[in-house]
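Chemist: sequence and predicted model, in that order:
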Amino acid sequence: MSEIDYEKLAEIELQKDEAEDTQSGQDKTFTPPPHEDPQLDINHPYYDVARHGIIQLAVNEWNQVCMLSGFTFKREKGDDNSGRKVITFSCCRMPPSHQLNHTRLLEYLKYTLEQYVENDYTVVYFHYGLKSLNKPSLKWLQTAYKEFDRKYKKNLKALYVVHPTNFIKILWNIFKPLISHKFGKKVTYLNYLSDLREHLKYDQLNIPQEVIRIKDKNSGELIPPVMKETVSYLKRNGLQVEGLFRRSASIQTIKDVQKLYNQGKPVNFDDYHDIHVPAVILKTFLRELPQPLLTFECYDPIVGITSVESCLRVTRCKQIIQGLPEHNYIVLKYLICFLHMVSQESIYNRMTASSLACVFGLNLIWPSKGTASLSALVPLNLFTELLIDFYMNIFNSRTVPGEILP
């Protein structure tokens, strides 16, 4: 099998983004005007790049007072909710590549960050506006990541990516071998611009009007359509159905529904007059993932849950879940939140957390080689039962902005 050409896929996704923006009327013009910051001196060493306003600092009220009064000062206050300096990077202010020296852009970015890297700081990346004509090359991105050595990464406490698209996900696959796990945990994806308010002093951010005007994109995109649609349908129609997830459905019907999803066609579960069809589809989807939702890396720690003292097992579950990649965590939280709802109706559906765990345990986690042994079933099911029973406790300590719950 030939290797996936991620660079080509990335270009295709950018073209899709451009087509969507044009169709929605958001892409009025491509070439952005210079940002014209009245405080920017023409003698600035990076005036040629800085004038576009691609890289900006958050401005607090004390800043503004000093600007108006003509005084200069050294800022002491931070701009996010933890008192850190915030730097924003806005793609929509990047002119076409032939009008911008990307080497100079990288130098200017380093020049800006070097003023703050000795203390904790935060970066906000506004993805909207990145086009085929203004995007830097992959080689430039690789150079940029390598040049931002430990001096820059050590005190970077958070990188918020606002309005991510599939292009970002493909880039992540390209750069995954280069990106450390520690750095990856600092990245948070925000589908909604308003989610910045939870972390930053939103009103002090220099947010481009183009970003403010667009509609929040990709809401719920992190949740696979199959899961989102089956869970939504079951929540509306199946919470009190006795034996939910224990009953089978027509094999041919399941194949037909899978075919529709694989072809990207809409599925109306009302057409099948069987509540167990979406239930089986959900289980099948989880079981057929190339890697379990809980990841192969978590298999051994999960199997070891029975060796942990009973009073510490919920804490151990939480520790294991905290180590999941962000996407897996979001999808797992969405699913377990729903299963918790199902268990709350067990007086009607007879599906307690223990019953659900017996059904979903092996659909959420399995070993990388072979199948789970009989002795592993007990800890796997126990771990799943704890997730469902103590959902509120286990998932309350890691907030992922933009996540969708059932």
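Modeler: On my side now, so go ahead.
Chemist: Ile336 contacts Phe390, correct?
Modeler: No: here Ile336 lies out of contact with Phe390, judged by CB atoms under 8 Å, at a distance of 9.8 Å. In this view, the C-beta of every residue, glycine as well, is placed from N, C-alpha and C.
Chemist: more neighbours: which of the two?
Modeler: Ile336 (23 against 19; other CB atoms under 10 Å).
Chemist: need the phi and psi values for that one.
Modeler: phi -70, psi -30 (degrees, to the nearest 10).
Chemist: strands along the stretch 151-300 of the chain, start to end?
Modeler: Under the criterion DSSP state E, counting those that start in this stretch, strands of the stretch 151-300 of the chain are mapped to 156-162, 187-190.
Chemist: weakest of those in terms of mean pLDDT?
Modeler: Lowest mean pLDDT within those: strand 187-190, at a mean of 82.
Chemist: just checking, what packs against it?
Modeler: The criterion is 3 or more CB pairs under 8 Å, 6 or more residues apart in numbering; DSSP states H and E, and the helices and strands that strand 187-190 contacts are strand 156-162, helix 326-344.
Chemist: alpha carbons of that strand, in CSV - could you do that?
Modeler: Output of strand 187-190 as CSV, limited to C-alpha atoms (Å, rounded to 0.1, in the frame of the first residue of the first chain):
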residue,chain,number,x,y,z
VAL,A,187,-2.4,22.6,22.2
THR,A,188,-6.2,23.3,22.6
TYR,A,189,-8.6,23.5,19.7
LEU,A,190,-11.5,26.0,19.9
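Chemist: ok, that strand: who's next to it in the sheet?
Modeler: Under the criterion DSSP bridges, strand 187-190 sits next to strand 156-162 (parallel) in its sheet.
Chemist: the partner strand: which residues count as buried?
Modeler: Neighbour-count burial for strand 156-162 flags 156, 158-162 (criterion: 16 or more other CB atoms under 10 Å).
Chemist: cool, stretch 112-119 as well?
Modeler: Buried residues in stretch 112-119 (16+ other CB under 10 Å): 112-113, 116-117.
Chemist: closest to Thr284 out of those?
Modeler: Distance to Thr284 across the buried residues of stretch 112-119 (CB to CB) is lowest for Leu113, with 47.3 Å.
Chemist: residues touching the nearest residue to that closest one once chain neighbours are set aside, list them.
Modeler: Leaving aside its sequence neighbours, Leu113 sits nearest to Tyr152 (CB to CB, 6 or more residues apart in numbering; 5.7 Å). Neighbouring residues of Tyr152 by CB atoms under 8 Å, 6 or more residues apart in numbering: 110, 113, 117.
Chemist: tell me how this structure divides into domains.
Modeler: Per automatic domain parsing, the domain ranges recorded for the chain read 6-213, 225-394.
Chemist: lowest average confidence across the ones you listed, which one?
Modeler: Mean pLDDT across the domains of the chain is lowest at domain 6-213; the value there is a mean of 75.
Chemist: related to what we said a few turns ago, dump the strands of the stretch 151-300 of the chain into a markdown table; add distance to Arg197 as well.
Modeler: Supplementary listing: the strands of the stretch 151-300 of the chain in a markdown table, determined by distance: least, CB to CB, whole Å:
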| stretch | distance to Arg197 |
| --- | --- |
| strand 156-162 | 12 |
| strand 187-190 | 10 |
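Chemist: and the ones you listed: which comes nearest Ala376?
Modeler: Among the strands of the stretch 151-300 of the chain, strand 187-190 sits nearest to Ala376 (CB to CB), with 32.8 Å.
Chemist: and the closest one, how far out from the chain middle?
Modeler: 5 Å (CA atoms, centre = their mean, to the nearest Å).
Chemist: equivalent analysis for stretch 155-164, please.
Modeler: What separates the centre of stretch 155-164 from the centre of its chain is 10 Å, taken as CA atoms, centre = their mean.
Chemist: returning to what we had before: and the furthest pair within the buried residues of stretch 112-119?
Modeler: Among the buried residues of stretch 112-119, Thr112 and Val117 lie farthest apart (CB to CB), at 9.9 Å.
Chemist: Asp48 is in contact with Arg104, isn't it?
Modeler: Yes: at 6.5 Å, Asp48 counts as touching Arg104 under the criterion of CB under 8 Å.
Chemist: picking that back up, just the closest of the buried residues of stretch 112-119 to Ile174, please.
Modeler: Using CB to CB, Leu113 comes nearest to Ile174 of the buried residues of stretch 112-119, at 22.9 Å.
Chemist: tell me the contacts of that closest one?
Modeler: Neighbouring residues of Leu113 by CB under 8 Å, 6+ apart: 87, 121, 148, 152.
Chemist: from the residues you listed, which land in strands?
Modeler: 87, 121 (DSSP state E).
Chemist: can I assume Met227 is in contact with Leu335?
Modeler: Yes: at 6.7 Å, Met227 and Leu335 qualify as touching, with contact defined as CB under 8 Å.
Chemist: that older thread, and the buried residues of strand 156-162, which is closest to Arg247?
Modeler: When the buried residues of strand 156-162 are compared for distance to Arg247 (CB to CB), Val161 wins out at 41.7 Å.
Chemist: measure that closest one to Trp172 for me?
Modeler: Distance, Val161 to Trp172, by CB to CB, to the nearest Å: 10 Å.
Chemist: that older thread, with distance to His273 added, can I get the helices and strands packed on strand 187-190 in CSV?
Modeler: Shown next, in CSV, are the helices and strands packed on strand 187-190 (distance: least, CB to CB, whole Å):
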stretch, distance to His273
strand 156-162, 43
helix 326-344, 21
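Chemist: quick one: closest of these to Pro301.
Modeler: Across the helices and strands packed on strand 187-190, closest to Pro301 is helix 326-344 (CB to CB), at 14.3 Å.
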